[in-house]
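**Student:** Return a 3D structure for these sequence lines:
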Amino acid sequence: MTASYEVRGEIAVITLNNPPVNGLGFETRRATAEGIARAEADAAVQAVLITGAGKAFSGGADIREFGSPKAMAEPNLPSLIAVVENCSKPVVAAIHSVCMGGGLELALGCHYRVAAPGAKIALPEVKLGLLPGAGGTQRLPRALGVEPALNMIVSGEPVASELLAQVPGQKLFQKIIEGDLLAGAIAFAQEVAAQRPLPKVRELRARHAEPQAFFQFARNMVGAQSRNFPAPLRCLEAVAASVFSKSFEEGIRVEREGFAALMQTPESKALRHAFFAERAASKIGDVPEDTPQRPIAKVAVIGAGTMGGGIAMNFLNAGLPVTLLETKQEALDRGIATIRKNYEAQVKKGKLKEDKYQQRMALLSSTLSYEDIREADLVIEAVFEELSVKEAVFKQLDAVMKPGAILATNTSTLDVNRIAAFTQRPQDVLGLHFFSPANVMKLLEVVRGEHTAKDVLATVMALAKKIKKTAVVSGVCDGFIGNRMIEQYSRQAGFLLDEGCTPQQVDRAVEQFGFAMGPFRMGDLAGNDIGWAIRKRRYVEKPHLRYSASADRLCELGRFGQKTGAGWYDYQPGKREAIPSPVVEALLSKHREAIGAKPRAISDEEIVQRLVFALVNEAAHLLEEGIAQRASDVDMVYLTGYGFPLWRGGPMCYADTVGLFNVVQAMQRFARNPADDAAFWEPAPLIKRLLAEGKSFT
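**Tutor:** Next up is the predicted model:
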């Protein structure tokens with residue numbers, strides 16, 4: 001049973017027990033409704049208590065049932081809430097730890113609510129592009145007050161129970177219980193057992209002193225902040241209905257219409273896709289979830305540059321001691337000073353308390369000797385991206401590190417199998433590709449070598465959660481998932497310049513599509529010399545692969561981007577604003593003359609399709625080769641590491657939304673363009689197969 005029933009004296013206790021967060025799945029809903037019926041039928045029972053086992057009251061809907069018939073099978077959540085609300089005996093919700101979504105809506109259907117301090121209370125449906133669909137938009141404003149309820153529903157953010165209990169006039173919580181919640185809740189239930197009539201949240205009035213002015217102001221604010229997401233404004237209108245509707249039932253109708261409409265939006269589908277994709281990414285097909293993990297108590301980082309320092313901060317933030325190793329004292333001092341400066345900036349902005357800052361710095365030590373890191377459980381190399389440099393580091397690590405230590409490389413393009421072969425323990429080696437700035441970016445590509453042990457993978461996937469990263473497993477290939485795909489995106493951006501686009505036109509089109517940054521602004525930020533070095537290697541290794549020469553001409557002028565004050569754009573000292581450059585305009589004009597290209601007008605739609613579908617086609621090859629496990633993993637890489645718009649769900653989800661038939665039609669059109677690379681636009685075998693079978697990536 002996923003909800004248990006027992007009687008303690010005169011109080012029936014129903015305990016939700018559906019790990020990990022007591023999701024309100026069909027079995028749980030049915031068992032809870034049966035528990036209420038048993039309590040109604042038992043003359044000895046004077047009141048009912050609903051609580052949750054383990055680490056939650058309830059986290060809401062059971063995500064394992066999303067999209068299945070069980071999700072709405074009777075009793076569905078509104079039906080269960082009606083059973084609770086109409087019980088002839090008082091029903092008390094005893095809330096602890098987590099009470100979110102449908103869990104909070106169930107609690108609002110109870111006659112009374114008591115809570116332990118520190119419980120996280122939320123209606124987070126807006127984060128899935130939805131609104132609360134079981135009365136949350138109607139009951140929370142009545143119980144808590146219109147303004148605080150609207151803030152919670154539109155943001156989806158959790159608020160501590162004791163803070164909500166302090167809201168003037170609130171009727172959300174009748175009591176905050178310190179100590180033993182169950183004992184305190186039973187005592188409270190005994191106090192209210194004889195009280196009649198039973199209070200119902202639905203019978204309260206949702207009031208605001210200036211409702212018209214307040215909601216108009218809120219519409220302006222919410223509309224400006226949620227431009228690409230329809231759910232926040234729908235949430236607002238549902239909350240407004242709690243104030244302006246003539247009855248509770250009329251407000252519920254507005255809520256349900258809003259929920260049904262949002263379920264069909266591409267934005268909600270994309271957000272729900274991303275929600276499940278993040279959970280799926282942590283699972284590795286041939287690595288069982290109960291695989292034993294290696295203990296990680298000490299971490300070492302080789303290289304104290306920008307990347308090494310950022311990597312170190314992740315582990316310091318998680319309370320793990322880190323030793324930073326460098327070859328020269330000046331480099332070490334510089335790296336530690338940068339870490340200190342980053343933390344001090346957080347303290348100054350109020351994002352980090354002084355004592356936490358001191359605790360983190362106390363966990364950091366430094367050394368110039370490999371001997372001092374021999375006891376580390378995990379060592380991450382973040383040195384210069386040159387195979388010979390990596391070889392020297394890994395041979396040294398192999399000689400000094402204790403048996404069972406995990407040896408990781410932060411390489412972004414080099415062969416992890418070759419790096420592992422520099423050691424006598426390739427089973428302990430893998431890639432941990434952090435993205436810059438490493439202490440900020442969520443993505444972590446976990447690169448699985450040919451010999452990487454399963455317990456090593458299980459350990460780093462769990463560790464990624466601890467340091468708050470979204471880890472995605474990649475096989476070994478040049479550029480792994482993200483950078484291998486971005487190369488094709490960048491090649492297309494270069495061809496667009498050859499054909500008549502300006503950098504600002506390409507960037508503007510891509511940014512209007514929703515990317516955080518277009519390819520040319522991104523190049524200037526990362527450093528155009530990095531791409532130049534990769535292209536030089538490509539000219540030798542893959543002479544058949546075509547590139548626009550415009551980027552090489554730019555680099556020959558020393559225009560490497562923001563760090564040199566000039567790249568595809570001009571930059572003023574100390575500022576990041578990208579200013580269109582007459583020098584680049586002249587360079588492109590001269591380049592087009594040299595290759596005999598006649599500029600043409602190119603639409604924003606073509607720009608976006610060529611860049612995004614280039615990502616899709618290359619990703620399909622990655623999936624075919626087994627480099628990426630699943631299409632949704634590719635989406636997570638691009639949502640968390642490359643600024644792909646969240647409301648579009650990632651490149652593969654977007655391709656499904658557009659329709660693979662339409663994607664292939666566009667690719668065939670691009671292949672006919674003599675200025676483009678026709679061979680690249682041959683649809684990947686996976687795309688052809690899915691199209692033939694009427695299937696999609698997701």
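
**Student:** Show me the helices in the stretch 401-550 of the chain, by range?
**Tutor:** Counting by DSSP state H, counting those that start in this stretch, the stretch 401-550 of the chain has these helices, from start to end: 416-420, 454-466, 482-498, 503-513, 519-526, 528-541, 550-556.

**Student:** Select, out of these, the one closest to L181.
**Tutor:** Evaluated over those, closeness to L181 peaks at helix 454-466, with 27.5 Å, by CB to CB. All C-beta spots, glycine's among them, are computed from the backbone N, C-alpha and C.

**Student:** For burial, what's the neighbour tally of the closest residue in space to A31 that isn't next to it in sequence?
**Tutor:** Nearest in space to A31, with sequence neighbours left out and distances taken as CB to CB, 6 or more residues apart in numbering, is A3 at 3.6 Å. A3 has 23 neighbouring residues, counting by other CB atoms under 10 Å.

**Student:** What residues are bridge-paired with A3?
**Tutor:** With beta bridges defined as DSSP bridges, A3 has these partners: L16.

**Student:** Hmm, it is touching N18, no?
**Tutor:** Yes: A3 is within contact range of N18, at 7.4 Å (criterion: CB atoms under 8 Å).

**Student:** Can you name the residues in contact with stretch 199-206?
**Tutor:** Applying CB atoms under 8 Å, 6 or more residues apart in numbering, the external contacts of stretch 199-206 come out as 85, 108-109, 111-112, 135, 138-139, 141-143, 146, 171, 242-243, 248.

**Student:** Restricted to buried residues, select the residues you listed in PyMOL.
**Tutor:** To isolate the buried ones among these in PyMOL, judged by 16 or more other CB atoms under 10 Å, type:
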select buried, resi 85+108+109+111+112+135+138+139+141+142+143+146+242+243+248
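
**Student:** And the contacts of stretch 199-206, which is closest to K688?
**Tutor:** Checking the contacts of stretch 199-206 one by one against K688 (CB to CB), the nearest turns out to be G135, at 47.8 Å.

**Student:** now that closest one: how far from F259?
**Tutor:** 11 Å (CB to CB, to the nearest Å).

**Student:** what residues do the two have in common as contacts?
**Tutor:** Looking at what touches both G135 and F259 (by CB under 8 Å, 6+ apart), there is no common residue.

**Student:** Off-centre distance for stretch 384-396?
**Tutor:** For stretch 384-396, the distance between its averaged C-alpha position and the chain's averaged C-alpha position is 33 Å (CA atoms, centre = their mean, to the nearest Å).

**Student:** Ok, stretch 452-466 next?
**Tutor:** Between the mean C-alpha point of stretch 452-466 and the mean C-alpha point of its chain there is a distance of 19 Å (CA atoms, centre = their mean).

**Student:** What is the nearest of the contacts of stretch 199-206 to D372?
**Tutor:** Once CB to CB is applied, the member of the contacts of stretch 199-206 that ends up nearest D372 is L108, at 56.8 Å.

**Student:** Give me the contact list for the helix or strand where that closest one lies.
**Tutor:** Under the criterion DSSP states H and E, the helix or strand holding L108 is helix 102-109. Under the criterion CB under 8 Å, 6+ apart, residues 22, 24, 50, 52, 56-61, 77, 80-82, 84-85, 93, 95, 99, 113, 121-123, 132, 134-136, 139-140, 143, 172, 201 lie in contact with helix 102-109.

**Student:** what comes up buried for the top helix by length along the chain?
**Tutor:** With secondary structure taken from DSSP state H, the chain has its longest helix at helix 604-625. When neighbours are counted by 16+ other CB under 10 Å, the buried residues of helix 604-625 are found to be 606-623.

**Student:** next helix or strand past that helix?
**Tutor:** Reading on from helix 604-625 to the C-terminus, the next helix or strand found by DSSP H and E is helix 631-641.

**Student:** Can you spell out which helices and strands pack onto that following helix?
**Tutor:** Packing contacts for helix 631-641, counted by 3 or more CB pairs under 8 Å, 6 or more residues apart in numbering; DSSP states H and E, involve helix 266-281, strand 443-447, strand 470-474, helix 482-498, helix 604-625, helix 651-658.

**Student:** quick one: the residue nearest to E391 when sequence neighbours are not counted and V393, what's the gap?
**Tutor:** Excluding its sequence neighbours, the residue lying closest to E391 (CB to CB, 6+ apart) is F422, at 4.9 Å. With distances taken as CB to CB, F422 is found 8 Å from V393.

**Student:** go on, T698?
**Tutor:** With distances defined as CB to CB, the gap from T698 to V393 amounts to 40 Å.

**Student:** which one of those two has more residues nearby?
**Tutor:** The residue with the greater number of neighbours, taking T698 and V393 and applying other CB under 10 Å, is V393; the counts read 22 against 18.

**Student:** Could you pull out the buried residues of the host helix or strand of that one?
**Tutor:** Element membership of V393, judged by DSSP H and E, is helix 387-400. Judged by neighbour count (16+ other CB under 10 Å), helix 387-400 contains these buried residues: K390, V393, F394, L397, D398, V400.

**Student:** Enumerate every residue touching the fourth one.
**Tutor:** By CB under 8 Å, 6+ apart, the contact list for L397 reads I302, Y370, V379, E381, L407, T423.

**Student:** cutoff 6 Å now
**Tutor:** Contacts for L397 (CB atoms under 6 Å, 6 or more residues apart in numbering) come out as L407.

**Student:** Can you find the helix or strand in this protein with the smallest mean pLDDT?
**Tutor:** Least confident element among the helices and strands of the chain, by mean pLDDT, DSSP states H and E: helix 528-541 (a mean of 90).

**Student:** to the chain's geometric centre, what's the distance from it?
**Tutor:** From the chain centre to the centre of helix 528-541 is a distance of 31 Å (CA atoms, centre = their mean).

**Student:** same thing with stretch 446-459?
**Tutor:** Relative to the centre of its chain, stretch 446-459 is centred 23 Å away, using CA atoms, centre = their mean.

**Student:** cool, stretch 587-595 as well?
**Tutor:** Using CA atoms, centre = their mean, the offset of stretch 587-595 from its chain centre is 42 Å.

**Student:** Over it, what's the mean pLDDT, rounded is fine.
**Tutor:** This predicted structure assigns stretch 587-595 an average pLDDT of 96.

**Student:** Pull out the buried positions in it.
**Tutor:** Within stretch 587-595, the residues that count as buried by 16+ other CB under 10 Å are L587, L588, H591, R592.

**Student:** so how far is Q505 from the second one?
**Tutor:** Same thing as L588. Relative to Q505, L588 is positioned 11 Å away (CB to CB).

**Student:** Report the set of residues contacting both of these two.
**Tutor:** Overlap of the contact sets of L588 and Q505 (by CB under 6 Å, 6+ apart) is empty.

**Student:** So if we follow the domain assignment, how does the protein break up?
**Tutor:** 3-262, 299-474, 482-693 (automatic domain parsing).

**Student:** Q174 and E577: what is the separation?
**Tutor:** Shown here: Q174 relative to E577, a distance of 55 Å by CB to CB.

**Student:** For the two, indicate the residue with more neighbours.
**Tutor:** Q174 (18 against 8).

**Student:** what sits against that one?
**Tutor:** Taking CB under 6 Å, 6+ apart as the test, what Q174 contacts is Y112.

**Student:** next one: T367
**Tutor:** By CB under 6 Å, 6+ apart, the contact list for T367 reads T323, L325.

**Student:** Repeat that for A304.
**Tutor:** Contacts of A304 were listed using CB under 6 Å, 6+ apart, and they are L324, E326, A331, L332, G335.

**Student:** Doesn't it lie inside a helix?
**Tutor:** No: remark: A304 does not belong to a helix; assigned using DSSP: H, G, I helix; E, B strand; the rest coil, it is coil.

**Student:** Which residue, other than its chain neighbours, is closest to it?
**Tutor:** On the basis of CB to CB, 6+ apart, the spatially nearest residue to A304 that is not a chain neighbour turns out to be G335, at 2.6 Å.
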